[in-house]
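Participant: Next one to model:
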Amino acid sequence: MVALMNEALSVVIITHNEEKNIVRCLKSVQWANEILVIDSGSQDRTCDLAREIGARVISQPWLGFGPQKRFATAQAKHNWVLSLDGDEWLSPELSQSIQDLLASTPQKSAYQVRRRHYFMGKLLRHGISYPDDITRLYHREKANWNENPVHESVQYQGSLSFVKGDLLHESAPSLDRYIAKLNQYTTIQSEQKKTHMIHFLHLILLPCWQFLRGYVFKLGFMDGVPGLCHNVIAAFNCFLRYAKRKERQH
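Facilitator: Predicted structure coming up:
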């Protein structure tokens, strides 16, 4: 059921070589007033598939996650914006919740959604990956993305609330791609200015705590082999982030 919305919505999606995911993403938001794809040089059929489904496509060389999403927000026709990545899609419950919210008069500046991750073909239900509450729905006159090149977030004025339903995310098509992505992210993070020095204990204690917190205390072991792999890689990601920063300090 598609609600009659009093507030118009632009869905903005950043993409790069997402032909395997973009159709699923777009079909989950076909009820929106506008679907806008900001593509950073895809060499597959991402843009063609998006146009076939009715999205407006704009090419924009990659600026970094925060700046790219700020650019996408600025191109939207409507003030209410739902920001997605090409490998994400809305559950039916979340889709209906957003329509119901915009059918009334939203009282908040921005709204969080709960993201759930598929990893190695399994929907993770425990560990550090769930619940993963992130701000994705916002009024662009009161909220926008920061300038962080990675691990960006929405900064807002006023108050924040929550929309029911899951935003689903395909973490990576393979372990190779997932590890390559984390390697890229940790390099970007290490290049950002940090004030405190990295010491030997950072490289030992923090990755160990990352693993224990996700795998033991947050029950990541209940997700089987994908849960084990996800939490081991998360701990290594923590180690790599601090190791690269230590290398730069030298």
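
Participant: center of this structure - which residue?
Facilitator: Nearest to the geometric centre of the chain sits residue 85, at 6.0 Å (CA atoms, centre = their mean).

Participant: so what's that residue bridging to?
Facilitator: Taking DSSP bridges, one finds residue 14 as the beta-bridge partners of residue 85.

Participant: Flag the shaky bits of this protein, pLDDT-wise.
Facilitator: Residues of the chain meeting the criterion pLDDT under 70: 1-4, 193-195.

Participant: What is the longest helix of it by residue count?
Facilitator: helix 224-249 (DSSP state H).

Participant: Sort out which residues of that one are buried, please.
Facilitator: The neighbour-count check on helix 224-249 (16 or more other CB atoms under 10 Å) flags 226-246 as buried. For glycine as for every other residue, the C-beta is placed from the backbone atoms N, C-alpha and C.

Participant: How far away from the center of its chain is it?
Facilitator: Distance of helix 224-249 from the chain centroid (CA atoms, centre = their mean, to the nearest Å) equals 19 Å.

Participant: Does it pack against any helices or strands, and if so which?
Facilitator: Contact here means 3 or more CB pairs under 8 Å, 6 or more residues apart in numbering; DSSP states H and E; on that basis helix 224-249 packs against strand 110-119, helix 175-191, helix 200-211.

Participant: With adjacent residues omitted, what lies nearest to residue 203?
Facilitator: Among residues not flanking residue 203 along the chain, residue 242 sits closest, at 5.5 Å (CB to CB, 6 or more residues apart in numbering).

Participant: Same check on residue 42?
Facilitator: Per CB to CB, 6+ apart, closest to residue 42 is residue 17, 4.9 Å.

Participant: got the angle between the longest helix of the chain and strand 110-119?
Facilitator: In terms of direction (axes from the mean of the first three to the mean of the last three CA atoms, to 10 degrees), helix 224-249 departs from strand 110-119 by 110 degrees.

Participant: Identify the residues contacting residue 72.
Facilitator: Residues near residue 72 by CB atoms under 8 Å, 6 or more residues apart in numbering: 12-14, 36, 38, 60, 83.

Participant: between the residues you listed, which has the most around it?
Facilitator: Each of the contacts of residue 72 was scored for neighbours by other CB atoms under 10 Å, and residue 13 scores highest at 27 neighbours.

Participant: which residues touch the residue nearest to the centre of the chain?
Facilitator: So residue 85 contacts 13-15, 169 (CB under 8 Å, 6+ apart).

Participant: Can you tell me how far it is from residue 70?
Facilitator: Look at residue 85 and residue 70: by CB to CB, to the nearest Å, they are 15 Å apart.

Participant: So for stretch 35-55, what gets flagged as buried?
Facilitator: So, applying 16+ other CB under 10 Å, buried residues of stretch 35-55: 35-39, 42, 46-47, 49-50, 55.

Participant: Those residues: which two are farthest apart?
Facilitator: 35 and 42 (16.1 Å; CB to CB).

Participant: which residues does residue 168 bridge with?
Facilitator: residue 89, residue 116.

Participant: just use 41 as the starting number from now, easier for me
Facilitator: With the count now opening at 41, the last piece we talked about shows up as residue 208.

Participant: Next up, the contacts around it.
Facilitator: 128-131, 155-156, 158.

Participant: Between all of these, which two are at the greatest distance?
Facilitator: Top of the distance list for the contacts of residue 208 (CB to CB): 130 and 158, 14.3 Å.

Participant: quick one, which of the two is more surrounded?
Facilitator: Per other CB under 10 Å, whichever of residue 130 and residue 158 has more neighbours is residue 130, with 25 against 16.
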